[in-house]
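Colleague: Okay, sequence plus prediction incoming.
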Amino acid sequence: MSKPTWLHENFEHTGSAFGLRVTRKLDEVQSPFQKIEIWESTDWGKVMLIDGAMMVTTRDNFFYHEMMAHAPLYTHADPKDVVIIGGGDCGTLREVLRHPGVQRAVQCDIDEQVTRMAEKYFPELCESNNDPRATVMFDDGIAYMANAAPESVDVIIVDSTDPVGPAEGLFNRAFYANCLKALRPGGLLVQQSESPLALMDLILDMRRAMQDAGFASFRTLPFPQPCYPTGWWSCTIAAREPRDLTRFREADAEAKPFDTQYYTAAIHRGALAMPPIMAKALGE
């Protein structure tokens, strides 16, 4: 491109759109599952789109990756074995492996091309891919959880795209039942749960399916994510046994041995303060 132009993603379901000023398309590949594009923007660094939906930008990905990893890991008493379903850009894996107590982290994404594009254009997100504790595999995450050994995992992180296409099967009772079976006592499942402003119906459906599968306690934590629909996103934590999910290892979070750009113990506490609009919709 000779001059910057605008790249827009229209969110038909929310009646809104988000745009970034871009200078050129860096790459595009059609995998067996989806189309992946990489653009260069004027102010947000590089941008990854999957089937036209913005997935990652250099500038704002830390909100999502840090909340998806650190909120559940500091909520669990002692996470050693972690499984990430999806997460092909590898940013969540990087954050998980910042925790020295984690002994094993398996990332299972169906589309190898997402990771290859991330390695090329977002190498900072992939810096822990060769950590000896990490296993990066490319397979069907639904089948992986169905075949997981009972009580073999402490935390399952479902870092998926929206519930369409390859990710559709990650938002139903059968998948959650397999996750429950794989969790050890005290285990947690966390899943990205879309916008609490515009997509509350999806959050309610997720939580009902998790409950039907046998999960006992739930908490939805909101956080900003500028490049996603409405700019207000969330993750939902589900516990295998009844417990108070507003309690987490605050002292450990305060003393975390690594730097973050967004997550802190105070941010975690703030995310647990339920806004009235969410409390009313969730009945909490």
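Modeller: Perfect, thanks for sending it. These numbers come from a predicted model, not from an experiment.
Colleague: what's across from the most centrally placed residue in the chain in the sheet?
Modeller: Central residue of the chain (C-alpha atoms, centre = their mean): residue 159, 3.4 Å from the mean position. Beta bridges link residue 159 to residue 86, judged by DSSP bridges.
Colleague: Check what pLDDT it gets.
Modeller: Per-residue confidence (pLDDT) for residue 159: 95.
Colleague: ok, now residue 31?
Modeller: Here, the pLDDT recorded for residue 31 equals 97.
Colleague: Next up, phi/psi of residue 201, please.
Modeller: Phi and psi for residue 201, reported as degrees, to the nearest 10, are phi -60, psi -40.
Colleague: hang on, isn't the residue nearest to the centre of the chain packed against residue 90?
Modeller: No: judged on C-beta atoms under 8 Å, residue 159 makes no contact with residue 90 at a distance of 9.8 Å. Every residue, glycine included, has its C-beta placed from N, CA and C.
Colleague: Report the buried residues of the strand ranked longest in the chain.
Modeller: As assigned by DSSP state E, the longest strand anywhere in the chain is strand 16-30. Within strand 16-30, the residues scored as buried using 16 or more other C-beta atoms under 10 Å are 18, 20, 22, 26.
Colleague: now for it, which elements pack on it?
Modeller: strand 5-11, strand 35-41, strand 46-50, strand 53-57, helix 112-121 (3 or more C-beta pairs under 8 Å, 6 or more residues apart in numbering; DSSP states H and E).
Colleague: number of nearby residues for the closest residue to residue 117 other than its chain neighbours?
Modeller: Leaving aside its sequence neighbours, residue 117 sits nearest to residue 36 (C-beta to C-beta, 6 or more residues apart in numbering; 5.4 Å). The local packing of residue 36 (other C-beta atoms under 10 Å) involves 22 other residues.
Colleague: next one: residue 143
Modeller: Neighbour count for residue 143, taken as other C-beta under 10 Å: 13.
Colleague: where does the stretch 151-284 of the chain have low pLDDT?
Modeller: For the stretch 151-284 of the chain, the stretches flagged by pLDDT under 70 are 161-170.
Colleague: residue contacts, residue 115?
Modeller: 88-90, 109, 126, 129, 136, 138 (C-beta atoms under 8 Å, 6 or more residues apart in numbering).
Colleague: Do a quick rundown of the strands in the stretch 51-200 of the chain.
Modeller: 53-57, 81-86, 104-109, 134-138, 153-159, 183-192 (DSSP state E, counting those that start in this stretch).
Colleague: what residues does the third one touch?
Modeller: Contacting residues not belonging to strand 104-109 are listed as 80-88, 90, 92-93, 96-97, 115, 131, 133-141, 144 [C-beta under 8 Å, 6+ apart].
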